[in-house]
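Asker: Sequence plus predicted model, see below.
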Amino acid sequence: MPLVALRPRLLPRPTRRGNRRRISAAVGLAAAALIAVSACSATATGSAPVADGQRVSIVASTNVWGSVAEAVAGDRADVKSIVTDPSADPHSYEASPRDAAALTDANLVVYNGGGYDGFLDDILRNTRDKRTVNAFELYGSETDLHGDHTQVAEPAATESDSHDGHSHDNGGVNEHVWYDMPTVDAVAQKIAAELGRLDPANAEAYTANAAAFHEKLHAVTAITDAIAKEHPQAPVAQTEPIAHYLLAAANLRDETPEDFTKAIEDGNDPPPAAIAATRNLLADKKVGALVYNSQTQDKVTRDIRGAAEAAGIKVVEVTETLPEGVDYITWQTNNAEQLAAALGTAPLGTAPLG
């Protein structure tokens with residue numbers, strides 16, 4: 001079953017911006033200087049096939065996209081992820097000269113786009129002939145699986161992820177697209193296509209790996225389908241819309257005041273009225289679960305979590321990067337299973353109670 005058939009409707013959400021994206025001027029200048037030196041000495045080989053016997057070098061902005069790249073590349077390429085710390089906030093990551101060097105030398109760069117990993121913007125803008133896979137630009141792509149061939153419809157170019165500046169107005173589209181299975185599927189397919197161009201001798205292996213990854217994604221969508229069937233439009237709350245697409249795939253309704261999630265996402269304190277309204281949702285048990293971003297928690301979100309636990313409402317922890325020691329499929333399957341358990345969804349293969 002093509003994953004495009006599982007694409008959910010969009011839930012209203014704010015676009016992340018504000019102080020959690022600011023990059024250190026000192027680090028930015030150092031990285032820019034290194035890029036300038038590299039650009040002067042580089043030849044236009046970034047998009048050319050690698051030499052015989054040479055391994056493809058892939059750099060991913062976070063270990064989420066690094067894990068997807070590893071699933072497609074197998075043992076035929078070297079994959080380096082820049083943001084790997086499970087306690088770090090990728091939005092405020094400060095690119096180092098070492099990061100800039102790795103990106104400049106890479107044959108392929110895989111990143112989220114949509115302003116999420118903005119630390120790549122200047123580096124990519126100043127790097128010539130670089131093959132890239134931008135996940136945000138693939139959002140909305142249709143994955144058409146027929147026979148042995150997997151194709152991705154190329155999206156039209158948009159201004160939302162331009163490298164000409166740091167204003168990323170995504171038109172209300174949530175940039176956390178690694179929680180959207182059809183987009184992740186399209187990213188895997190695009191990685192396979194790019195690797196096939198860089199390493200034609202192993203093109204069939206990359207295509208086969210992407211197809212195998214596609215099949216594994218159904219472990220996640222099977223769970224969200226079950227939630228949607230048993231709990232259509234069930235109300236939930238969240239501290240910020242990181243797992244927006246997980247909730248949309250499960251056909252759940254986010255009742256959190258937008259003023260609350262927008263402020264948390266921007267790194268600001270929510271208005272007192274929004275905090276009170278969110279606490280009341282939990283105290284009055286008007287939601288079935290609280291989806292909690294444990295990677296960027298603060299006093300406000302910890303207090304909200306405490307209110308949920310005091311009311312007996314299950315907390316579903318989500319993160320923006322992979323926990324240590326797990327791959328993408330394992331991580332997202334666990335996220336979906338947590339959500340299903342919190343809402344009392346019957347395990348797959350069993351009949352719902354009642």
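Answerer: Ah, there it is. Numbering: from 1, shown residues only.
Asker: pLDDT (mean, whole number) over stretch 110-124?
Answerer: When pLDDT is averaged along stretch 110-124, the result is 91.
Asker: chain center to that stretch, what's the gap?
Answerer: How far stretch 110-124 lies from its chain's middle: 12 Å, per C-alpha atoms, centre = their mean, to the nearest Å.
Asker: Repeat that for stretch 197-208.
Answerer: 25 Å.
Asker: same deal with stretch 231-243?
Answerer: 17 Å.
Asker: likewise stretch 195-212?
Answerer: 23 Å.
Asker: Could you do stretch 213-224 as well?
Answerer: 16 Å.
Asker: so D269 sits in a helix?
Answerer: No. The assignment for D269 (DSSP: H, G, I helix; E, B strand; the rest coil) gives coil, which keeps it out of a helix.
Asker: Now do it against D303, distance only.
Answerer: Distance, D269 to D303, using C-beta to C-beta, to the nearest Å: 11 Å. Heads up, the C-betas are built off the backbone N, CA and C, glycines and all.
Asker: A100 now?
Answerer: 39 Å.
Asker: Mind checking which of the two has more residues around it?
Answerer: Remark: of A100 and D303, A100 carries more neighbours, 27 against 13, as counted by other C-beta atoms under 10 Å.
Asker: Backbone dihedrals for the more buried one, please?
Answerer: phi -60, psi -40 (degrees, to the nearest 10).
Asker: isn't it right up against L124?
Answerer: No. Counting by C-beta atoms under 8 Å, A100 stays clear of L124, with 10.3 Å between them.
Asker: related to what we said a few turns ago, find the residues that touch each one of D269 and D303.
Answerer: Residues touching both D269 and D303 (C-beta atoms under 8 Å, 6 or more residues apart in numbering): there are none.
Asker: Please name the nearest non-neighbouring residue to N134.
Answerer: G113 (4.0 Å; C-beta to C-beta, 6 or more residues apart in numbering).
Asker: Figure out the helix or strand that S57 lives in.
Answerer: Assigned by DSSP states H and E, S57 belongs to strand 56-62.
Asker: got it, and T256?
Answerer: Following DSSP H and E, there is no helix or strand that holds T256.
Asker: Okay, the closest residue in space to it that isn't next to it in sequence and A248: tell me how far apart.
Answerer: Setting aside the residues directly before and after it, T256 is nearest to A237 in space (C-beta to C-beta, 6+ apart), at 4.6 Å. To A248, A237 is 15 Å away according to C-beta to C-beta.
Asker: Equivalent analysis for K262, please.
Answerer: 18 Å.
Asker: At which residues are the helices of the chain located?
Answerer: For the chain, the helices defined by DSSP state H cover 25-41, 63-73, 97-105, 121-125, 135-138, 181-198, 203-230, 244-249, 258-266, 272-283, 299-310, 328-343.
Asker: The longest one packs against which elements?
Answerer: Packing contacts for helix 203-230, counted by 3 or more C-beta pairs under 8 Å, 6 or more residues apart in numbering; DSSP states H and E, involve helix 63-73, strand 143-146, strand 149-152, helix 181-198, helix 244-249, helix 328-343.
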